[in-house]
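K.L.:
Quick one: sequence and predicted model below, then my questions.
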Amino acid sequence: MAFRRFLRGTVPWDQLEGVIRAVMDRYEESSARVEFLEADNWLSTPLVVNDHWFVKVITQQNSLVHALLTTGRNLGAFSSGTEGFFEHFGTPYEMAEHELAATERMRELGINAPEPVEAFEYEEMGVVVLEYLAEFETFDDLSSETVAGHAPTVFEFLHRMHEDGLAHGDFRCENVLLADGEVYFIDATSVREDAIADARAYDLACALGALEPIVGADTAVDAAAQYYDTGALLAAEEFLDFVNIRPDHDFDAGDLRGAVEKLASGGPPE
């Protein structure tokens with residue numbers, strides 16, 4: 001537990017207070033009500049200012065953890081027989097800039113995401129400011145019936161990203177929100193553009209693995225097959241074992257393989 005706390009790190013209160021004051025000055029807020037969000041997030045400290053601004057503070061410690069995670073994921077990709085495709089940014093500000101840019105690009109593609117506001121640097125920390133979605137639920141908090149109803153939209157959004165040469169890179173149910181009955185994507189990471197084909201297959205494997213425990217393998221594959229052909233699903237199958245060793249994924253890879261192979265052999269998922 002102490003090691004986990006060390007990795008996650010904390011931001012000294014005087015620096016957090018400085019970030020909050022900077023936000024107030026930038027958006028002409030005369031006072032601030034701050035809510036610190038309970039989130040198992042090792043890559044930033046998330047908070048909400050005045051129920052309007054969603055602020056993520058990224059420290060050097062967060063950047064170090066991102067580098068370690070990126071190295072580990074690339075090693076896992078090597079074990080799957082492909083070249084590593086995750087990218088790390090050198091500074092906390094670069095991490096903040098990337099999240100802002102990825103969010104802007106998703107919205108340009110018609111994918112629901114919180115409205116991006118800006119990224120700025122404060123005392124060598126990166127700060128990204130987004131629209132705050134006041135009422136939402138993550139996919140892992142929803143019923144299986146609700147998730148099944150929205151699963152095709154998940155794969156539609158992923159497919160739009162992939163067709164435009166973009167990959168999410170960190171697809172988990174925590175990063176898919178339902179707000180006002182609409183699906184939202186958050187927290188896209190960075191992948192190398194020259195390895196986009198493998199990154200797409202990895203994305204698809206992550207999405208199938210995230211949804212399988214909630215809706216079952218056949219339903220997940222059936223939803224994916226509305227937007228991805230058999231070749232894409234078979235490519236994703238190659239990444240299932242790699243995805244399943246991540247501590248934030250736990251699914252039945254065998255069931256997913258069976259559903260994909262059933263589809264590939266000409267029989268739709270049951």
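P.N.:
Okay, I see it.
K.L.:
Tell me who's in contact with Asn237.
P.N.:
Just so we're on the same page, residue 237 is Glu rather than Asn. In this structure, Glu237 makes contact with Ala205, Leu256, Arg257, Val260, Glu261, judged by C-beta atoms under 8 Å, 6 or more residues apart in numbering. Glycine gets a C-beta too; all of them are placed from N, C-alpha and C.
K.L.:
Just the pLDDT for the first one.
P.N.:
In this model, Ala205 is scored at 94, pLDDT.
K.L.:
before we move on, what SS does it have?
P.N.:
Judged by DSSP: H, G, I helix; E, B strand; the rest coil, the three-state class of Ala205 is helix.
K.L.:
thinking it is in contact with Asp241, fair?
P.N.:
No - taking contacts as C-beta atoms under 8 Å, Ala205 lies outside contact range of Asp241: 9.2 Å.
K.L.:
Give me the next element, helix or strand, following the helix or strand encompassing Gln61.
P.N.:
Taking DSSP states H and E as the definition, Gln61 sits inside helix 60-79. Sequence-wise, the next helix or strand beyond helix 60-79 is helix 92-108, with elements assigned using DSSP H and E.
K.L.:
Need the residues that contact that following helix.
P.N.:
With C-beta under 8 Å, 6+ apart as the contact definition, helix 92-108 has outside contacts at 43, 56, 58-60, 62-63, 66, 89, 113-121, 124-128, 130, 157, 161, 164, 166, 185-190.
K.L.:
ok, now stretch 168-187?
P.N.:
Stretch 168-187 has contacts (C-beta under 8 Å, 6+ apart) with 86, 99, 103, 106, 111-114, 133, 135-140, 142, 146, 150, 153-154, 157-158, 161, 188-191, 199, 202-203, 206-207, 210-211, 214, 248-249.
K.L.:
Secondary structure class of the closest residue to Val215 other than its chain neighbours, three-state.
P.N.:
Counting by C-beta to C-beta, 6 or more residues apart in numbering, Val215 lies nearest to Ala148, which is 4.5 Å off, once chain neighbours are set aside. When states are read from three-state DSSP, the local structure at Ala148 comes out as helix.
K.L.:
Look at Ala148 and report its pLDDT.
P.N.:
Taken from the predicted model, the pLDDT recorded for Ala148 is 98.
K.L.:
try His249
P.N.:
At His249, the pLDDT value in this model is 84.
K.L.:
thought it was touching Asp241?
P.N.:
No - contact between His249 and Asp241 fails when scored by C-beta under 8 Å: they sit 10.8 Å apart.
K.L.:
Which one's more surrounded, these two?
P.N.:
Regarding His249 and Asp241, a neighbour count based on other C-beta atoms under 10 Å identifies His249 as having more, with 20 against 14.
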